[in-house]
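Visitor: show me the folded form of this:
(chains A and B)
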Amino acid sequence: MFALETAAHPENLRRIAIDPVTRVEGHGKVTLLLDENNKVHQVRLHIVEFRGFETFIEGRPYWEVPVTVQRLCGICPVSHQLAAVKAMDQIAGYGPLTPTAEKLRRLMHYGQMVQSHAVHFFHLASPDILLGFDSDFTRRNIVGVALDHPEIAKQGVLLRKYGQEVIRHVAGKRVHGTGAIPGGMNKALSLAERDEMAKDIEQMIAWSLGAVHMVKQLHETNPGFYNVFGEFRSNMMGLVRPDGALDFYHGALRAVDADGGTIFDQIDYATYQQVLEEEIKPWSYMKFPHIKSLGAENGWYKVGPLGRVQAASFLSTPLAEAERQAMMALGGGKPVHGTLMYHWARLIEVVHAAEMIRDLLNDPEILGMDLMADKGPRRHEAVGVIEAPRGTLFHHYRVDDDDLVTYCNLIVSTTNNNQAMNEAVRTVARQYLDGRVITEGLLNHIECAIRAYDPCLSCATHALGKMPMTVELVDPAGQVISSLSKG
Amino acid sequence: MSLAAVPPVVVIAIGNPSRGDDAIGPLLYGRLCEWLENQGLAGEFNLYEDFQLQIEHALDLKGRRLALFIDAGDNTPGPYIFSPVAAAEGIMHTSHALPPESVLQVYRQVEGGEPPPSFVLCVRGEQFALGAEPGAGALAHVEAAFALLCELCREPQVSAWTARAETGGNMAAVSARMAASTASPSPVP
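Guide: Residues are numbered from 1 along each chain as shown, chains lettered A, B, ... in the order given. Take a look at the predicted model:
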């Protein structure tokens, strides 16, 4: 049992619900149980709607799946497409991709990473970081930083647009593109398309680097706050190459503990069920994955930017690696665990993705015409895994002799982060709410902790998002004492 | 594309074709593309389809005379609401989607000026389940909304769209009002 997960005597406590959490997708709700002295006894991030992805996929022909899964979520269609097509490459019997096909898929994936991270930081998280905290000291200092970066909103839009254009050039369409198909790619990149992307990439790298430096400056204004806000120790997981470098598109699973020690490494992701298992809890529709050998209580982990840049040994591009070293120096050689560090790590990943895009555009093989792998015998079961913007994404399929999908299991990034997000809100509740009069500003601290993970509750729960937020204070008898709505 | 080559009107249709009545936007997008082509009006319009509005859609508004957002709404009175929309600060958004007001606000931030006059056509939907087909009610609303779209695209002027918005897009009311206020009223279908 985790601390603050379940109160010993909930019948005597007041209940506060943040419902739904704003600025995240899907329908999430945070409930807090407090006693008459406002001491926090229970905090839970609930997922309160459910739609079945698996039902949506099962029964369809396997070759349709990479296109169909793009409809699961409007924000990460490329992630779902690539995870699915990596599985379907194997189901269809294809061997290793041609160099050009793999590079085109990577290019599309890095474009997705840039666009997704850019919109999150510049238009979702930066208001929290720049304006969202109610400490006079913090606000006074960060306003100065904001004044130094008047172009930040515009750069965010143009970075996002650039990432979308990369996807469009590779996939052929702005939305509903095919691009990746079992065995390779269905469209070569033209010289004109390559040049169109190449002319702006140095600017994108410069802007993303500028954003990292802005976060560094913010950190310097109040390091004590940024280091400890929502800080909790946990394991971390991500995909790495054989040499230990982080790889967003393909690699083996590595998990490290809170001090950076190896738990497992170079695990073939096709065998993920040997190292991970998913727990169900009665109060949430979202499952709780954990490392099997450590059990549910000790085996949960972080994925996504902060988890994977620290689980990896290094980043393979120089500017991003230098920034990663600078961030990790704060931990004195050990991983850092402050929740707001997710923003810093996310921007380092934008730099890395932009550098990778530049390298691919300079690679003559990106313009090759050999797009399809050789085909061998069909398989009936396969797993595809990638590092999506929010973290490790698993697609696992079984297909029958009639080519129809009979089994589908998805572990999306937000599900991998389920326990970590719950720990984040409990930590913030302990730090900022315990024993104090609850205000909207304090409740916003809870939301800031959740938003740092950029959760896609729509993916995790398969629900349609609803935006307004209602906070209700309920007495032990269930009567609403006060209510506040926004959005 | 240079500014000189930008068609004066942009239409952005939003929705996920695999989430039940959320397909309303994509359905109207497809029909409008075809209709504009057949009418020889395609050069006057840029049409875009997407899963949801995002910050980069602000860039699609640049250099336009008019902008139209088409979306499904689950609490919208049937068959649709057609109304002007303005930039607004402080509206919460996710990392996944923005309301039109926020897109217009992003335009202000990015361009440092006012966005073009903008309108929303919000068509009533009732069920948005993943994997579901659009319902019969939604398809009927699409028919009604498409009739309005054809009229809007025949007369893509702020004054004409404003007049239609004042009546929620109701053609009969517009016709009656225009007939009463002008000696030689514009043809109304």
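Visitor: in chain B, what residue lies closest to chain A?
Guide: B:F51 (3.0 Å; C-beta to the nearest C-beta). C-beta here means a position set from N, CA and C on the backbone, and glycine is covered the same way.
Visitor: name the nearest residue to that residue, sequence neighbours excluded.
Guide: A:G74 (3.0 Å; C-beta to C-beta, 6 or more residues apart in numbering or on different chains).
Visitor: show the pLDDT at that neighbour.
Guide: Among the per-residue scores, A:G74 holds a pLDDT of 70.
Visitor: ok but A:P335 is inside a strand, no?
Guide: No: with DSSP: H, G, I helix; E, B strand; the rest coil as the criterion, A:P335 is located in coil rather than a strand.
Visitor: could you pull up phi and psi at it?
Guide: Note on A:P335: its backbone torsions stand at phi -60, psi 150 [degrees, to the nearest 10].
Visitor: which of the three states applies to A:Y397?
Guide: Going by three-state DSSP: A:Y397 is strand.
Visitor: hmm, who's touching stretch A:188-199?
Guide: A:100, A:104, A:107, A:162, A:165-166, A:169-170, A:357-358, A:361-362, A:366-369, A:371 (C-beta atoms under 8 Å, 6 or more residues apart in numbering or on different chains).
Visitor: try stretch A:358-366
Guide: Contacts for stretch A:358-366 (C-beta under 8 Å, 6+ apart): A:99-100, A:103-104, A:106-107, A:110, A:189, A:194, A:197-198, A:201-202, A:205, A:317.
Visitor: ok so, going back, the residue nearest to B:F51: neighbour count?
Guide: A:G74: 24 surrounding residues under other C-beta atoms under 10 Å in any protein chain shown.
Visitor: so it lies in a strand, does it not?
Guide: No: counting by three-state DSSP, A:G74 is not part of a strand but coil.
Visitor: just the closest residue of the stretch 51-200 of chain A to chain B, please.
Guide: A:G74 (3.0 Å).
Visitor: okay, now A:I348: neighbour count?
Guide: 29.
Visitor: in contact with it, which residues are there?
Guide: A:212, A:305, A:309, A:315, A:320, A:323-324, A:327.
Visitor: would you format the residues you listed as a markdown table with pLDDT and secondary structure included?
Guide: A markdown table is the format used below for those (pLDDT from 0 to 100; DSSP: H, G, I helix; E, B strand; the rest coil):
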| residue | pLDDT | secondary structure |
| --- | --- | --- |
| A:V212 | 94 | helix |
| A:P305 | 98 | helix |
| A:V309 | 98 | helix |
| A:L315 | 98 | coil |
| A:A320 | 98 | helix |
| A:E323 | 98 | helix |
| A:R324 | 98 | helix |
| A:M327 | 97 | helix |
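Visitor: any chance you could map the helices in chain B?
Guide: Taking DSSP state H as the criterion, chain B carries its helices at B:24-39, B:57-60, B:100-111, B:136-154, B:158-166, B:171-181.
Visitor: check the gap between the residue nearest the centre of chain A and A:H117 for me.
Guide: Central residue of chain A (C-alpha atoms, centre = their mean): A:R390, 0.9 Å from the mean position. Plainly put, A:R390 is 10 Å away from A:H117 if you go by C-beta to C-beta, to the nearest Å.
Visitor: kindly report the same for B:Q157.
Guide: Applying C-beta to C-beta to B:Q157 and A:H117 gives a distance of 41 Å.
Visitor: those two: which is more packed in?
Guide: The neighbour count for B:Q157 versus A:H117, taken as other C-beta under 10 Å, is higher for A:H117 (31 against 14).
Visitor: now for that one: which residues touch it?
Guide: Contacts of A:H117 (C-beta under 8 Å, 6+ apart): A:305, A:346-347, A:349-350, A:353, A:389.
Visitor: just the buried residues from the contacts of stretch A:188-199, in ChimeraX please.
Guide: Here is the ChimeraX command that selects the buried residues among the contacts of stretch A:188-199 (16 or more other C-beta atoms under 10 Å in any protein chain shown):
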select /A:100,104,107,162,165,166,169,170,357,358,361,366,367,368,371
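Visitor: now intersect the contacts of stretch A:188-199 with the helices, please.
Guide: Those of those lying in helices (DSSP H): A:100, A:104, A:107, A:162, A:165-166, A:169-170, A:357-358, A:361.
Visitor: I'd say B:D71 and B:L27 touch.
Guide: No: assessed by C-beta atoms under 8 Å, B:D71 is found out of contact with B:L27, at 11.9 Å.
Visitor: read off the pLDDT value for A:V48.
Guide: 49.
Visitor: rewinding a little: surely the residue of the stretch 51-200 of chain A closest to chain B touches B:L53?
Guide: No: at 10.0 Å, A:G74 and B:L53 do not qualify as touching, with contact defined as C-beta under 8 Å.
Visitor: so A:G238 sits right up against A:T392, yeah?
Guide: Yes: assessed by C-beta under 8 Å, A:G238 is found in contact with A:T392 at 6.3 Å.
Visitor: give me every residue that touches the nearest residue to B:L152 once chain neighbours are set aside.
Guide: Counting by C-beta to C-beta, 6+ apart, B:L152 lies nearest to B:W161, which is 6.0 Å off, once chain neighbours are set aside. Neighbour list for B:W161: B:66, B:84, B:117, B:119, B:152, B:155 [criterion: C-beta under 8 Å, 6+ apart].
Visitor: JSON lines for these, including neighbour count and pLDDT?
Guide: As requested, the contacts of B:W161 are exported to JSON lines (neighbours: other C-beta atoms under 10 Å in any protein chain shown; pLDDT from 0 to 100):
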{"residue": "B:L66", "neighbour count": "21", "pLDDT": "98"}
{"residue": "B:P84", "neighbour count": "13", "pLDDT": "95"}
{"residue": "B:P117", "neighbour count": "18", "pLDDT": "98"}
{"residue": "B:F119", "neighbour count": "22", "pLDDT": "97"}
{"residue": "B:L152", "neighbour count": "23", "pLDDT": "97"}
{"residue": "B:E155", "neighbour count": "14", "pLDDT": "96"}
